[in-house]
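Q: sequence and computational prediction follow.
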Amino acid sequence: MNTGSNMMIPMIYREIFYSFLVGVRASYIHRTNFSFTKFRYSIYNNLWFGWAIWRIDIHRN
């Protein structure tokens, strides 16, 4: 991960932003089965996994 320009953005905002991107991808993938509970669960699940993967990616270097 480059430490230059994106160090100005606070860490918590970047966590929320990347988790949001993962959640949007999850909702786009799961939009076909229109069960609302499944839809919501897939978004929350992928939000958590996106956050966890992103945290692991930070601590890798």
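A: Here it is on my side, so go on. Since we're looking at a predicted model, the values are computed, not measured.

Q: and stretch 53-61, average pLDDT?
A: The pLDDT scores in stretch 53-61 average 65.

Q: residue 48: neighbouring residues, count only.
A: For residue 48, the count of nearby residues is 13 (other CB atoms under 10 Å). (Each C-beta comes from the backbone N, C-alpha and C, glycine too.)

Q: try residue 11
A: Residue 11, neighbours per other CB under 10 Å, totals 10.

Q: repeat that for residue 13.
A: Residue 13: 9 neighbours (other CB under 10 Å).

Q: what about it, helix or strand, and which?
A: Assigned by DSSP states H and E, residue 13 belongs to helix 11-29.

Q: can you check residue 50 too?
A: Counting by DSSP H and E, residue 50 is found in helix 36-58.

Q: pLDDT below threshold where in this protein?
A: Scanning the chain for pLDDT under 70 picks out 1-9, 23, 26-43, 56-61.

Q: now the residue nearest to residue 25 when sequence neighbours are not counted: how far from residue 17?
A: Excluding its sequence neighbours, the residue lying closest to residue 25 (CB to CB, 6 or more residues apart in numbering) is residue 46, at 7.1 Å. When distance is defined by CB to CB, to the nearest Å, residue 46 is 15 Å away from residue 17.
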